[in-house]
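Asker: Next comes the sequence, and after it the predicted model I'd like to discuss.
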Amino acid sequence: HVRNPKTEDYFLLGANGGRKKLSRHFIDQKVPSEERSGKVVIAKGQEILWVLGGRRCETYRIQEDTKYILVLMYEGEKDAISY
């Protein structure tokens, strides 16, 4: 889903299953609290795959054995989008 962040959202940090709450990520990245709810995220349930212009989930990075790639193009704010 393409949506705005929710309170329960989290990132998976790697194959070991570690999690980090999205709210904690915003705090660590010093995103002002008034801007957090306006961010756009790509999510699978409460799992965040990508914060547009920012972090991606480690679980879905392209690797040597990747067979399929979903390309998303965002034509919103003129922000630096991560690849």
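Answerer: Everything's here; your move.
Asker: Now the closest residue to residue 26 other than its chain neighbours: phi and psi?
Answerer: In this structure, residue 26 finds its nearest non-sequential neighbour in residue 36, 4.9 Å apart by C-beta to C-beta, 6 or more residues apart in numbering. All C-beta spots, glycine's among them, are computed from the backbone N, C-alpha and C. Main-chain torsions, residue 36, degrees, to the nearest 10: phi -60, psi -40.
Asker: Contacts only, for residue 36.
Answerer: 5, 23, 26 (C-beta atoms under 8 Å, 6 or more residues apart in numbering).
Asker: Quick one: list the elements packing against the longest helix seen in the chain.
Answerer: Across the chain, the helix with the greatest residue count (assigned by DSSP state H) is helix 22-28. Under the contact criterion of 3 or more C-beta pairs under 8 Å, 6 or more residues apart in numbering; DSSP states H and E, helix 22-28 touches strand 10-12, helix 33-36, strand 47-51.
Asker: quick check, residue 43 in a strand?
Answerer: Yes. The assignment for residue 43 (DSSP: H, G, I helix; E, B strand; the rest coil) places it in a strand.
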